[in-house]
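Novice: Using only what follows, build the 3D model:
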Amino acid sequence: MSTPDLRAGSQADPALHADALTVLRGWVPTSAAAADARDRTLDLLTAGPEAMSRTHRAGHVTASALVLDATGSQVLLCLHGKLHQWVQLGGHCEPDDPTLAAAALREATEESGVTGLRIDPVPIDVDIHPVTCQGGSFHHDVRFAVLAPPGARLQVSEESEELGWFPPNQLPTPLAGGTTQLIRPALAALRRAPLHPAP
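Specialist: Numbering: from 1, shown residues only. Next up, the predicted model:
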């Protein structure tokens, strides 16, 4: 039996849906806004695995990552090719993503060109925002902290106009809404425990 392809509009893998439920049910939100977004995302997930697919018009779960440099003193952002704003790395889940954390790490690797990234599998934020998918939908974005190895070399992907490292107190403009709120919990994740390779 062939693996379903979310990009072709097929239903998501039930295991990824189950992981999303487990992660969000066990997560302690980092803010009141994140708590509300978590609860709304859990409501969305009652639709079943299809809520993980970009074809789910009512909204779908995505995964993103705020990448920190090896010293934890800079964050990696991309100037998004369609939005024309600086954002963290991330995007849609794919059928071979076993977990949300793995989806975030895959996206971060693809969009930065950096290998050897490490991730904290505990989310740092959940955010819901409108998008143009399917003529108008919502991304229920689960966000993670990721650490780059020393000497990481960047490679701009087709989705980005530019990549750059920035001190947390000197972020570029125009900056997408919701990116700034990732700084504090990402740094807290780095202090809490060493980040590790993909689950």
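Novice: now the helices for this structure?
Specialist: For the chain, applying DSSP state H gives helices covering 14-26, 32-44, 100-112, 183-192.
Novice: could you dump the ones you listed to TSV with distance to residue 67 and mean pLDDT?
Specialist: Every residue, glycine included, has its C-beta placed from N, CA and C. Below are the helices of the chain laid out as TSV (distance: least, C-beta to C-beta, whole Å; pLDDT from 0 to 100):
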stretch	distance to residue 67	mean pLDDT
helix 14-26	19	97
helix 32-44	19	97
helix 100-112	6	96
helix 183-192	9	89
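Novice: and of those, who's closest to residue 64?
Specialist: Closest approach to residue 64 among these (C-beta to C-beta): helix 100-112, 5.9 Å.
Novice: Compute the inter-axis angle for that closest one and helix 14-26.
Specialist: Here helix 100-112 runs at an angle of 110 degrees relative to helix 14-26 (axes from the mean of the first three to the mean of the last three C-alpha atoms, to 10 degrees).
Novice: What residues of helix 100-112 count as buried?
Specialist: Using 16 or more other C-beta atoms under 10 Å as the test for burial, helix 100-112 gives 100-109, 111-112.
Novice: wait, doesn't residue 72 sit right on residue 189?
Specialist: No - look at residue 72 against residue 189 with C-beta atoms under 8 Å: they stay out of range, at 10.0 Å.
Novice: between those two, who's got more neighbours?
Specialist: Between residue 72 and residue 189, residue 189 has the larger neighbour count (other C-beta atoms under 10 Å), namely 23 against 16.
Novice: Disregarding flanking residues, what is the spatial nearest neighbour of the more buried one?
Specialist: Among residues not flanking residue 189 along the chain, residue 145 sits closest, at 3.9 Å (C-beta to C-beta, 6 or more residues apart in numbering).
Novice: quick one: pLDDT of that neighbour?
Specialist: Looking at residue 145, its pLDDT stands at 96.
Novice: Counting neighbours, what do you get for it?
Specialist: Neighbours of residue 145 using other C-beta under 10 Å come to 28.
Novice: residue contacts, it?
Specialist: 65-66, 68, 119-120, 124, 185-186, 189-190, 195 (C-beta atoms under 8 Å, 6 or more residues apart in numbering).
Novice: If it is in a bridge, with which residues?
Specialist: Listed beta-bridge partners, residue 145: residue 66 (assigned using DSSP bridges).
Novice: Need the buried residues of helix 100-112 in JSON lines (columns: distance to residue 28).
Specialist: Formatted as JSON lines, the buried residues of helix 100-112 follow (distance: C-beta to C-beta, whole Å):
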{"residue": "100", "distance to residue 28": "16"}
{"residue": "101", "distance to residue 28": "16"}
{"residue": "102", "distance to residue 28": "21"}
{"residue": "103", "distance to residue 28": "21"}
{"residue": "104", "distance to residue 28": "18"}
{"residue": "105", "distance to residue 28": "21"}
{"residue": "106", "distance to residue 28": "25"}
{"residue": "107", "distance to residue 28": "24"}
{"residue": "108", "distance to residue 28": "23"}
{"residue": "109", "distance to residue 28": "27"}
{"residue": "111", "distance to residue 28": "28"}
{"residue": "112", "distance to residue 28": "28"}
